[in-house]
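>>> sequence? don't have it. structure:
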Ligand SMILES: [Zn+2]
């Protein structure tokens, strides 16, 4: 286990998937390769150091979409990577995928079209002609459990892949505070007004570049009227009678489980 910290590790990204070594013993965590594995590829894009501070470096680099993995390695999608890597490595892999995508989509200045170069001293692409700096894109999104006593308002979204219910969520608009975004999203999606807001915590969510900001929002007034373009169904659920909700990878499950603990502090 300590071995993984002894040398540089490389997160080699192909189409949003990350290269890991295969063939470890069953139950053993997947390992990221060292620099020499990169030589198995014919070509690669700009290399980026992505941290973490105080440890041997982690680097990321993109390879072309038709690149073939070397023997003993495979490219794994981020979601499938979550259960097979060290917990602290998954956010790094998410960072790697986002940095490679940003680097690939900012090779030219968005203002004047000149090829960009890496800026010194900060994570940005700089245009040598007009000076425009382009930083990695992050899209803040609010996610909130609306609550009313022992009940939570959960919804089944149109895009959900399985028959589960989850917290409401939506992107923050330019010029909007997080609090305004929570109130607007709740009003738009289910037609109710919320009063007191309490910040819960945040989670980077690299699908593709969100930062999820979790809140508890106290119901104030109104009955549920769903926006059918986004929501298939929304209901009040008693904390003792909850529907299937998302797994532990997402902040939604932490929010929902957190509210159960608030209402049932001694367990159910
Ligand atoms: Zn420019």
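It's in. The model shown is predicted, which means the values in this text are computed figures rather than measured ones.
>>> what residues does the stretch 1-150 of the chain put near the ion?
For the stretch 1-150 of the chain, the residues in contact with the ion (C-beta under 5 Å from the ion) are 109, 111, 112, 114, 127, 129, 130, 132. Using the backbone N, CA and C atoms, a C-beta is placed for each residue, glycine as well.
>>> Could you tell me which of those residues count as buried?
The neighbour-count test (16 or more other C-beta atoms under 10 Å) applied to those identifies 109, 127, 132 as buried.
>>> Give me the pLDDT for the residue lying closest to the first one once chain neighbours are set aside.
Put plainly, it is residue 109. Using C-beta to C-beta, 6 or more residues apart in numbering and skipping the chain neighbours, the partner closest in space to residue 109 is residue 127 (3.6 Å). As predicted, residue 127 sits at a pLDDT of 98.
>>> Residue 127 and residue 45: what is the separation?
Per C-beta to C-beta, to the nearest Å, residue 127 is found 18 Å from residue 45.
>>> Skip the chain neighbours and tell me the closest residue to residue 165.
Closest to residue 165 by C-beta to C-beta, 6+ apart is residue 154, at 3.9 Å.
>>> Next up, the contacts around that neighbour.
145, 165, 166, 167, 234, 235, 237, 242, 243, 245, 256 (C-beta atoms under 8 Å, 6 or more residues apart in numbering).
>>> part of a helix, is it?
No - using DSSP: H, G, I helix; E, B strand; the rest coil, the assignment for residue 154 is strand, not a helix.
>>> Bridge partners for it, pull those for me.
Residues in a beta bridge with residue 154, per DSSP bridges, are residue 235.
>>> any idea how far it is from the ion?
With distances taken as C-beta to the ion, to the nearest Å, residue 154 is found 46 Å from the ion.
>>> Phi and psi next, for residue 169.
Backbone torsions for residue 169, taken as degrees, to the nearest 10, come to phi -160, psi 160.
>>> can you map out the strands along the stretch 51-200 of the chain?
In the stretch 51-200 of the chain, the segments counted as strands under DSSP state E, counting those that start in this stretch are 58-62, 73-77, 117-118, 125-126, 133-134, 139-148, 151-157, 168-171, 193-205.
>>> where do the helices sit along the chain?
Assigned by DSSP state H, the helices in the chain fall at 78-81, 89-105, 178-190, 251-263.
>>> Turn the strands of the stretch 51-200 of the chain into TSV, columns for distance to residue 15.
Output for these, formatted as TSV (distance: least, C-beta to C-beta, whole Å):
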stretch	distance to residue 15
strand 58-62	9
strand 73-77	8
strand 117-118	22
strand 125-126	21
strand 133-134	22
strand 139-148	20
strand 151-157	26
strand 168-171	24
strand 193-205	19
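>>> Residue 252 is nearest to which of those strands?
strand 139-148 (6.2 Å; C-beta to C-beta).
>>> what lines up beside that closest one in the sheet?
Assessed with DSSP bridges, strand 139-148 is paired to strand 151-157 (antiparallel), strand 168-171 (antiparallel), strand 210-221 (parallel).
>>> Now do the longest one against helix 89-105, angle only.
Translated: strand 210-221. Relative orientation of strand 210-221 versus helix 89-105 (axes from the mean of the first three to the mean of the last three C-alpha atoms, to 10 degrees): 110 degrees.
>>> Report the rounded mean pLDDT for stretch 137-155.
Average pLDDT, stretch 137-155: 97.
>>> Ignore what I typed, I meant stretch 181-195.
The average pLDDT within stretch 181-195 is 97.
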